[in-house]
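Trainee: Sharing a model that was predicted from the sequence below.
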Amino acid sequence: MKRIIYFTSCLIFLLLWSSCRKDFDFAPSTGQLTFSKDTVYLDTVFTNIGSSTYNLKVYNNSNKDIVIPTLQLARGEASGYRLNVDGLSGKSFQNVELLAKDSMYVFIETTIDYNNFANPEGTYLYTDKIEFDAGSNQQTIELVTLVKDATFIYPSKGDDGLIETLTINVNGKTIETDIQGRYLTENELTFTNNKPYVIYGYAAVPNNQTLTINAGARLHFHANSGLFVSEGASLQVNGAYSNNRETLDNEVIFEGDRLEPDFSDIPGQWGTIWLFNDSKNNQFNYTTIKNATIGILSEGNPNDNKLQLNNTQIYNSSNFGVFGRNTSITATNMVINNSGQSSFAATLGGKYNVTHSTIANYWNTSFRQYPALLINNFELDEENTAYLADLVEANFNNCIIFGNDNPEFIVDEIEDEAVSFNFKFTNCLARFQKTSSNTFDGPNYNFDDATHYENMIFNDTPDFKNADQNALITGENSAAIDQGNSTFANQVPLDILQVNRTTTPDLGAYQHTSFDTED
């Protein structure tokens with residue numbers, strides 16, 4: 001009984017004592033808050049596309065618990081910004097409590113309609129403020145966002161909520177797919193450099209039509225989006241050399257639709273440029289393709305000039321940079337790097353002629369199964385049955401084939417008298433070192449056979465400026481210097497930076513430079 005009385009007395013005492021504590025009395029703030037930053041830059045966003053979430057940390061460095069009477073956006077409910085404070089979303093908050101020597105986060109997002117601005121010209125700087133308290137105690141944090149106007153291309157959405165999908169015509173047959181997207185109209189078949197293009201789903205080029213993309217155009221793709229070039233259609237990408245190597249004003253750039261710096265080199269943000277079977281005469285010049293799942297997927301037409309890549313760079317593809325499937329590709333001054341599988345895959349046979357190109361792979365995000373360059377004459381179905389096709393030719397001339405794995409090229413043939421398998425490397429610098437763990441043998445790996453390998457350099461340094469940052473210009477210590485075959489150099493007299501290479505041609509897409517004096 002005494003124990004029960006004692007316990008009850010202690011409990012009453014504690015309750016009375018805690019009700020008298022001043023620790024839970026909040027005094028009004030006096031304008032002495034401190035912040036993690038005085039301006040929150042939300043980077044660049046496209047009109048009507050939501051930004052990432054940014055944060056501001058607010059500190060109460062005093063010894064008192066305080067209450068902030070008002071925390072609000074200066075533009076009020078009309079603001080294009082949104083706040084989240086203590087788990088509550090809104091644009092205005094009252095009596096926000098903050099304990100002594102404690103801090104809290106304010107989360108900030110924005111979605112802004114470019115058309116609400118008066119006389120904008122391509123971009124608009126949108127600003128607001130977060131106001132903490134009012135009157136003489138008021139403190140403010142600036143909010144700044146650059147808003148870009150854009151041309152949006154997206155599939156329709158039906159009353160049932162279903163999104164439009166592509167119907168593909170193949171040899172006169174209509175095939176329904178589950179690929180979200182739509183066909184471009186006749187008025188949409190020329191992309192200019194007036195505004196960026198933001199594409200949701202797959203923008204498809206209709207049968208027997210041509211999509212022309214002018215110099216300086218910018219194409220941004222949402223997740224699982226891309227271009228689809230259908231049967232009989234063509235894609236002409238007409239980029240031009242840019243003297244300003246930072247802004248690349250004249251080049252055409254394909255990338256994702258997230259403009260924040262944290263997304264600038266993230267692989268796999270969008271789908272692919274899909275050159276469907278029997279599309280034709282597809283050409284890329286002075287083009288950069290980055291952060292796709294597959295940079296370019298080219299299917300079919302192994303005996304035609306289906307795809308030409310000139311002065312084209314492909315970076316940060318989560319699977320393949322270029323994936324050719326029984327197709328025909330001609331490439332000059334092509335640079336590929338940082339691919340989750342192969343940078344250049346020539347599969348199921350086909351025809352490939354690659355000259356003065358740099359095929360590299362310094363992927364370091366995860367394990368990759370394939371080398372920088374993969375060549376084969378087959379594909380396997382789900383039951384592991386092999387289907388073969390002729391490798392009409394696969395010629396790599398004056399190229400660099402290198403990376404952070406060994407080997408960085410594989411020539412994988414299933415032998416069959418019914419199919420041909422023709423390939424040759426001429427004047428190339430390649431990484432391929434035979435070891436006890438990768439015993440490649442057979443005639444395809446006889447490096448003394450001049451019908452397949454001529455004037456090769458193995459495992460010496462290419463001396464790239466910074467392969468991890470996709471800077472693949474070669475330096476003064478490169479083994480590629482002056483090693484090019486002049487016949488091929490005369491076919492491609494200027495390197496990707498328009499430096500003449502005909503007198504002393506280096507291997508790869510670049511003539512070497514001194515990194516100390518390079519601009």
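Mentor: Right, received. Where do you want to start? What you see is a predicted model, and the numbers here were worked out from it, not measured in a lab. Numbering: from 1, shown residues only.
Trainee: Going by C-alpha atoms from here, please, whenever you check contacts or count neighbours.
Mentor: Fine.
Trainee: can you pull out the strands in the stretch 301-450 of the chain?
Mentor: Taking DSSP state E, counting those that start in this stretch, the strands of the stretch 301-450 of the chain run over residues 307-317, 320-332, 335-339, 344-355, 358-361, 373-376, 378-380, 386-388, 391-397, 400-403, 409-412, 421-426, 429-430.
Trainee: Quickly compare those strands and say which is most buried.
Mentor: With neighbours taken as mean count of other CA atoms under 10 Å, the strands of the stretch 301-450 of the chain reach their highest mean count in strand 335-339, at a mean of 31.
Trainee: ok, back up a step: which one of the strands of the stretch 301-450 of the chain lies nearest to residue 445?
Mentor: Of all those, strand 409-412 sits nearest to residue 445, with 7.9 Å by CA to CA.
Trainee: Name every strand pairing with that closest one and say which way it goes.
Mentor: strand 373-376 (parallel) (DSSP bridges).
Trainee: Give me the contacts around the strand it pairs with.
Mentor: 342-349, 359, 391, 401, 408-414 (CA atoms under 8 Å, 6 or more residues apart in numbering).
Trainee: can you pull up the bridge partners for residue 397?
Mentor: Residue 397 forms beta bridges with residue 355, residue 426, as assigned by DSSP bridges.
Trainee: list the contacts for it?
Mentor: 354, 355, 356, 425, 426, 427, 428, 485, 488.
Trainee: Pull the most distant pair out of those residues.
Mentor: 354 and 485 (13.5 Å).
Trainee: Next up, the contacts around residue 157.
Mentor: Residue 157 sits in contact with 163, 164, where contact means CA under 8 Å, 6+ apart.
Trainee: Tell me who's in contact with residue 345.
Mentor: Here residue 345 is in contact with 320, 322, 323, 324, 373, 374, 375 (criterion: CA under 8 Å, 6+ apart).
Trainee: Looking at those residues, which is nearest residue 234?
Mentor: Using CA to CA, residue 324 is the member of the contacts of residue 345 that sits closest to residue 234, with 16.6 Å.
Trainee: Test my guess that that closest one contacts residue 347.
Mentor: Yes: contact criterion CA atoms under 8 Å: residue 324 and residue 347 qualify, at 5.9 Å.
Trainee: Tell me how far stretch 373-384 lies from the chain's centre.
Mentor: Averaging C-alpha positions (CA atoms, centre = their mean, to the nearest Å) puts stretch 373-384 27 Å from its chain's average.
Trainee: per-residue confidence averaged over that stretch?
Mentor: Here stretch 373-384 scores 94 as its mean pLDDT.
Trainee: same deal with stretch 502-517?
Mentor: The average pLDDT for stretch 502-517 rounds to 93.
Trainee: which residue sits closest to residue 97, ignoring its sequence neighbours?
Mentor: Computed as CA to CA, 6 or more residues apart in numbering, the closest residue to residue 97 that is not its neighbour in sequence is residue 67, at 4.3 Å.
Trainee: Wait, a strand at the one you found?
Mentor: Yes: Residue 67 sits within a strand when classified using DSSP: H, G, I helix; E, B strand; the rest coil.
Trainee: So it is in contact with residue 28, correct?
Mentor: Yes: Residue 67 lies in contact with residue 28 (CA under 8 Å); the separation is 5.0 Å.
Trainee: residue ranges for the helices of the stretch 401-519 of the chain, please.
Mentor: Secondary structure of the stretch 401-519 of the chain by DSSP state H, counting those that start in this stretch: the helices cover 486-491.
Trainee: any low-confidence regions in it?
Mentor: Across the stretch 401-519 of the chain, the ranges flagged by pLDDT under 70 are 517-519.
Trainee: got it, and the stretch 51-200 of the chain?
Mentor: Judged against pLDDT under 70, the low-scoring parts of the stretch 51-200 of the chain cover residues 118-122.
Trainee: Pull the number of nearby residues for residue 460.
Mentor: The number of residues packed near residue 460 is 13, by other CA atoms under 10 Å.
Trainee: my read: it touches residue 432, true?
Mentor: No: using CA under 8 Å, residue 460 is not in contact with residue 432, being 10.1 Å away.
Trainee: Could you tell me which residues make contact with residue 381?
Mentor: Residues counted as contacts of residue 381 (CA under 8 Å, 6+ apart) are residue 387.
Trainee: residues in contact with the residue nearest to residue 97?
Mentor: Applying CA under 8 Å, 6+ apart to residue 67 gives the contacts 26, 27, 28, 29, 95, 96, 97, 98.
Trainee: what sits against the closest residue to residue 455 other than its chain neighbours?
Mentor: Nearest non-adjacent residue to residue 455, counting by CA to CA, 6+ apart: residue 427, 4.8 Å away. The contact partners of residue 427, by CA under 8 Å, 6+ apart, come to 397, 398, 399, 454, 455, 456, 457, 483, 484, 485, 507.
Trainee: By neighbours, which of these wins?
Mentor: Within those, residue 507 tops the neighbour count with 32 neighbours, counted by other CA under 10 Å.
Trainee: Now do that residue against residue 286, distance only.
Mentor: Separation of residue 507 from residue 286 (CA to CA, to the nearest Å) stands at 19 Å.
Trainee: try residue 313
Mentor: Applying CA to CA to residue 313 and residue 286 gives a distance of 8 Å.
Trainee: Give the residues shared as contacts by these two.
Mentor: Counting by CA under 8 Å, 6+ apart, residue 313 and residue 286 have no common neighbour.
Trainee: which residues does residue 59 contact?
Mentor: Per CA under 8 Å, 6+ apart, neighbours of residue 59: 33, 34, 35, 101, 102, 103, 104.
Trainee: Of the contacts of residue 397, which is the nearest to residue 512?
Mentor: Each of the contacts of residue 397 was checked against residue 512 using CA to CA; the closest is residue 356, at 12.8 Å.
Trainee: which ones are touching the closest one?
Mentor: Residues near residue 356 by CA under 8 Å, 6+ apart: 332-334, 397-400, 488-489, 492, 495, 507-509.
Trainee: Might one say that residue 266 is in contact with residue 293?
Mentor: No: Residue 266 lies out of contact with residue 293 (CA under 8 Å); the separation is 10.4 Å.
Trainee: Please say which of these two ends up with more neighbours.
Mentor: Taking neighbours as other CA under 10 Å, residue 266 and residue 293 compare with residue 293 leading, 26 against 17.
Trainee: Nearest to the spatial middle of the protein, which residue is it?
Mentor: The chain has residue 291 as the residue nearest its centroid, 1.5 Å off, counting by CA atoms, centre = their mean.
Trainee: tell me the phi and psi of that one?
Mentor: In this entry, residue 291 is assigned phi and psi values of phi 70, psi 30 (degrees, to the nearest 10).
Trainee: Tell me the spacing between it and residue 128.
Mentor: From residue 291 to residue 128 the distance is 32 Å (CA to CA).
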